[in-house]
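*Asks:* What would the 3D arrangement of this be:
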Amino acid sequence: MHHSFYASMQLLQQPQVLVKKGWKVLAVLLLGLMVVAGSLGGVLSIFIGESESSTDSQAPIGFYGGNVGLSPETEQYRSMVQEVLTQYGIPEYESVILAIIQVESKGLLADVMQSSESAGLAPNAFTNPLQSIEQGVKYMKANIDYARERGVTDVGALLMGYNFGTAYIQYIARNGGVHTLELAEQYSKNIVAPSLGNTTGITMPYRNAISEANGKPYIYYNGGNFHYADLVGQYLVAGTGNQEAINGDVQHLLDVSKQYLGVPYVWGGKTPNGWDCSGFVGWVYKEAWGIDVSTWTVTQALVGDRIPVSEAKAGDMLFWGPTGAETHVAIYLGDGTFIHAPQPGDVTKITPLQYFQPDFAVRM
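*Replies:* Numbers count the residues shown, from 1 in each chain. Here you go, the predicted model:
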């Protein structure tokens, strides 16, 4: 038994906000309507006064140990991203740029970073992925420098800056220096949306795993996407430098599970031709360890010792839902990620634990 765990992701093209230093007036220019699946759309230029400089540290703003859940189409650009980042002197942002590509295009568009409008061009003007990555990295580098000048060291502000524009970084600098969902929503509602005609705070439904987890399944019409930092963050793993040791038997289980990445979700399915969450878990345990844990979520929750999620180790099963009515199961990979078959229309994938907290774990 399995109920749908994720709502389908809807990525909307959002207005871009750009900063020009030294101007003392506010000028708004709308060049286009919102289009599907990006962040740098319908250029909105906001010219604001220059702020005082602060700490100019060269330390990376945020550190990530890698990516999770990237599509093969996004992964194919890893070496290209590494090369361009090295040219701009910021190779430590590899995971961040790849996560942005995943959100912006899933690696399926020529303008993979949806960056053409940040160069003053029309939407999707770049027909070569390298051009898109070069411009996207150039824009990110400018935001990194701008943030450092103002003492902003929060990576969330950088991620939102890619959606809202550089002006958001200055907004954060003036409001405590740390991005929060609440600040992003205020900026969307009170600054971006009114500048594009939405002066009454009109919202539109926006339901997906991130917005539901944030408790805010909406965005503001013409207000950009205030969930953007979390959308990107779901494809990032925090770099703790302290991954847990995994024994050989458990590693084999994890290796078996990962060989099925990309298998389509099929309700009631129990084979690699297509499966649901419990069918996937049952197949992996049987193939890797020869253990029959059943293919029903509720009975799988009874085959081992129940433990708190905080004590979970790689190879444990993770469960969502109350005892006797569990709705979802996954295999914990360690270091804050799990592998699962999420929902109809999706595929077997790896997801960060931080966004989708299970209720308990079971150890065999």
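
*Asks:* So Phe164 sits against Leu183, correct?
*Replies:* No: between Phe164 and Leu183 no contact is recorded; they are 10.7 Å apart, counting by CB atoms under 8 Å. Bear in mind the C-beta positions are built from the backbone N, C-alpha and C, glycine included.

*Asks:* So for these two, which sits in the more crowded spot?
*Replies:* The neighbour count for Phe164 versus Leu183, taken as other CB atoms under 10 Å, is higher for Phe164 (31 against 19).

*Asks:* how near is that one to Lys286?
*Replies:* To Lys286, Phe164 is 48 Å away according to CB to CB, to the nearest Å.

*Asks:* next one: Ile172
*Replies:* Here the distance between Ile172 and Lys286 works out to 50 Å (CB to CB).

*Asks:* out of the two, which sits in the busier spot?
*Replies:* Set Ile172 next to Lys286 and count neighbours by other CB under 10 Å: Ile172 wins out with 25 against 15.

*Asks:* Apart from its neighbours in sequence, what residue is nearest that one?
*Replies:* Closest residue in space to Ile172, ignoring its immediate chain neighbours: Ala157 at 4.5 Å, by CB to CB, 6 or more residues apart in numbering.

*Asks:* ok, now Ile133?
*Replies:* Excluding the flanking residues, the one nearest Ile133 by CB to CB, 6+ apart is Val84, at 5.2 Å.

*Asks:* again, but for Val256
*Replies:* Distance criterion CB to CB, 6+ apart; nearest residue to Val256, sequence neighbours excluded, is Ala288 at 4.1 Å.

*Asks:* helices or strands up against the one helix or strand that neighbour maps to?
*Replies:* Assignment of secondary structure by DSSP states H and E places Ala288 within helix 277-289. Using 3 or more CB pairs under 8 Å, 6 or more residues apart in numbering; DSSP states H and E as the contact criterion, the elements in contact with helix 277-289 are helix 248-258, strand 270-271, helix 297-300, strand 328-334, strand 337-340.

*Asks:* Swap in 7 Å and give it another go.
*Replies:* Packing contacts for helix 277-289, counted by 3 or more CB pairs under 7 Å, 6 or more residues apart in numbering; DSSP states H and E, involve helix 248-258, strand 270-271, helix 297-300, strand 328-334.
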